[in-house]
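Build me a structure from this.
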Amino acid sequence: PEGVLLWQAGSFPQHPGHINSICVSPDGTLAASVSEGELLVRVWDAVTGEQLPALETTLGNPEVLSFSPDGRYLALAGDTQMTFWEVVGRSFKPTPHGLFDTNPPLDLEADGNLLEVEPPDDAPVADFRSRAFSPDGRNLVLGDDLGRIYVWRDWSSFSNFPEKPVHEDAFHSGRIIDVEFQPGSGAVLATACRNDDYVQLFDGRDFKPLGKLVCPVEKLTESDDEGKLREPREGELRAIAFSADGSLLAVGGAHLPVTVWNVAEREAVSFPLSEQWLELNAREDDDGKEMEELSFVATAIAFSRQGRRLAVAWRQFGKAQEPSWFRPSLTLFELAEETAAAQPLTEFKISGLQANKCEFAAGDQHLLLGVRSNRRAAERMRVVDLAADAQISETAETHADPVSSLCFSPDGLRFASSDNSGIIRIWDVRAGKVLHTIQAHTGNIVELCFSRDGRMLYSAGHRDKIVSAWDSESGDWLATTKPLSQPVQDLTLSPDG
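Residues are numbered from 1 along each chain as shown. I've put the predicted structure just below:
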């Protein structure tokens, strides 16, 4: 994304172009990023912001950057290539293996000059855009733009780089947007493509295909003998999430009913929001009038940290312009231990606005809900006490502009909200009252985050291109970076703060 910035206690080095990837070491002490138009990897101390020597690379188009699970290596991939540095303290040493490339290797002419072997015109070329390390750190999986995966087994040996995808045939119709190992065991690998209506599963050890998880729409429509339902549209995957124990996988998207799968049995075990999905596919309303053709989309899915509660942000959309037709909502479900049947706990309907923010607080004790919209309308935040299955507060005051970011303090007693006019509000969770109102930026605030001790609040302004620090207890200003060359798009802190 454009203008991504990591910041704490100072400003980090800027990139001349759009930042393609950014990562933090597993121990949270080092940060690295790459951007378009620059054959460098920029690195710095993630705690102090001290700039470390940049790393030069000959990789043609840096795209995806990540540390290995043990933090010993920094890996960079892009187009058909990949390269590594060994991390020693705060130093980065290029591995002696150079670039790894899936293109045909270079050859030598008789006079000793390099001769590039051109691939056939119809040969598909990889473009790596997603990757995942296995939980045990042994394997590295790369997803490309053509729907294929490359598996580098025992990658830390720096031998046998995969010059070809693990399967000749693509399992997706386009770019693989997400690659996820099953938490814990890593026995299953799931891949997703926004162009498709299914999740592809692979064995996480030998990477043989295990099959597709295609939403069994027929289970919801088999009783439609009288043709009361429209033919479902072709689905587009938007969101997937493993439960914390890896036993369940929730899937949702445009025109698709939300489906919870038993990963071991490859069985669809529940359909949260199935009634709403069926309602939107009806031809006629209860009075026999023809329905406006509407569609259902799940915009976000999140499991609680214990994995038994599921939050789904969803909305309906279509040609009708009345706010009541859009009906954006966020629904919280409890999944049964034995059957994973989804029991609705709470649903919030926000007429005329899109619900697209939900966050589980530490310990899953609270769920913070917020909304953002293109419409200039008052918005409210709501806090749900998950232990009591009840809404415990609703803010009496509102933002006059769309809410752009929300975050909890580490102790869960306060939360902060921001809007598109540059205002920050710090709230008391239980009382739902504003503690401080801050005119922080000249336009949209794209991200907020508390420091690990909760004493400071950081904000990133898109239009004014700055990051600021605030005393979260008094609301006083503490520091501001110099304006960046590009609008800020995101903000995060390292795990150790």
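
partners of residue 44 in the sheet?
Beta-bridge pairing for residue 44 (DSSP bridges): residue 31, residue 51.

That one: neighbouring residues, count only.
Residue crowding around residue 44 was assessed by other Cβ atoms under 10 Å; the count is 21. Heads up, the C-betas are built off the backbone N, CA and C, glycines and all.

Same check on residue 195?
A count of neighbours around residue 195, defined by other Cβ under 10 Å, yields 13.

pLDDT weak spots in the stretch 1-150 of the chain?
Residues of the stretch 1-150 of the chain meeting the criterion pLDDT under 70: 1-19, 46-50, 102-126.

who does the longest helix seen in the chain touch, helix- and strand-wise?
Looking across the chain with DSSP state H, the single longest helix is helix 274-280. Helix 274-280 makes packing contacts with helix 217-221, strand 256-262, strand 294-303, strand 309-318 when contacts are defined by 3 or more Cβ pairs under 8 Å, 6 or more residues apart in numbering; DSSP states H and E.

Output the ones you listed in JSON lines, with distance to residue 478, mean pLDDT and mean neighbour count appended to each entry.
Rendered in JSON lines, the data for these read as follows (distance: least, Cβ to Cβ, whole Å; pLDDT from 0 to 100; neighbours: other Cβ atoms under 10 Å):
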{"stretch": "helix 217-221", "distance to residue 478": "53", "mean pLDDT": "78", "mean neighbour count": "16"}
{"stretch": "strand 256-262", "distance to residue 478": "43", "mean pLDDT": "92", "mean neighbour count": "24"}
{"stretch": "strand 294-303", "distance to residue 478": "32", "mean pLDDT": "82", "mean neighbour count": "20"}
{"stretch": "strand 309-318", "distance to residue 478": "33", "mean pLDDT": "81", "mean neighbour count": "21"}
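
could I get those as JSON lines with distance to residue 135?
Rendered in JSON lines, the data for the helices and strands packed on helix 274-280 read as follows (distance: least, Cβ to Cβ, whole Å):
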{"stretch": "helix 217-221", "distance to residue 135": "32"}
{"stretch": "strand 256-262", "distance to residue 135": "20"}
{"stretch": "strand 294-303", "distance to residue 135": "17"}
{"stretch": "strand 309-318", "distance to residue 135": "22"}
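
So for residue 75, which of those sits nearest?
When the helices and strands packed on helix 274-280 are ranked by proximity to residue 75, the top entry is strand 294-303, at 27.6 Å, counting by Cβ to Cβ.

The closest one: how far from the chain's middle?
A distance of 14 Å separates the C-alpha centroid of strand 294-303 from that of its chain, computed with Cα atoms, centre = their mean, to the nearest Å.

tell me the angle that strand makes with strand 256-262.
What separates the directions of strand 294-303 and strand 256-262 is an angle of 30 degrees, with axes from the mean of the first three to the mean of the last three Cα atoms, to 10 degrees.

which other helices and strands contact strand 294-303?
Secondary elements touching strand 294-303 (3+ Cβ pairs under 8 Å, 6+ apart): strand 236-242, strand 248-254, strand 256-262, helix 274-280, strand 309-318, strand 354-360.

Throw the ones you listed into JSON lines and include distance to residue 67, thanks.
Compiled in JSON lines, the helices and strands packed on strand 294-303 are given as follows (distance: least, Cβ to Cβ, whole Å):
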{"stretch": "strand 236-242", "distance to residue 67": "21"}
{"stretch": "strand 248-254", "distance to residue 67": "26"}
{"stretch": "strand 256-262", "distance to residue 67": "31"}
{"stretch": "helix 274-280", "distance to residue 67": "40"}
{"stretch": "strand 309-318", "distance to residue 67": "29"}
{"stretch": "strand 354-360", "distance to residue 67": "25"}
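
Just tell me which of those ends up closest to residue 485.
When the helices and strands packed on strand 294-303 are compared for distance to residue 485 using Cβ to Cβ, the nearest one is strand 354-360, at 28.8 Å.

Tell me what residue 270 is bridged to.
In this entry, residue 270 is beta-bridged to residue 260, by DSSP bridges.

what do you get for residue 417?
Taking DSSP bridges as the rule, residue 417 bridges to residue 406, residue 425.

Over to residue 457?
Beta-bridge partners for residue 457, by DSSP bridges, are residue 450, residue 470.

Just to check, it is in contact with residue 440?
No. Shown here, residue 457 and residue 440 do not form a contact pair, counting by Cβ atoms under 8 Å, at 9.2 Å.

Give the residues shared as contacts by these two.
Applying Cβ atoms under 8 Å, 6 or more residues apart in numbering, one finds that residue 457 and residue 440 are jointly contacted by 424, 470.

out of those two, which sits in the more crowded spot?
Neighbours per residue, other Cβ under 10 Å: of residue 457 and residue 440, the larger number sits with residue 457, 27 against 23.

tell me the contacts of that one?
Shown in contact with residue 457 (Cβ under 8 Å, 6+ apart): 416, 424, 426, 448-451, 469-472.

Against residue 403, how distant is it?
Residue 457 sits 16 Å away from residue 403 when distances are taken as Cβ to Cβ, to the nearest Å.

again with residue 441
For residue 441, the distance to residue 403 under the criterion Cβ to Cβ works out to 14 Å.

Neighbour count: these two, which is higher?
Here residue 441 and residue 403 are set side by side on neighbour count (other Cβ under 10 Å), and the busier one is residue 441, at 27 against 23.
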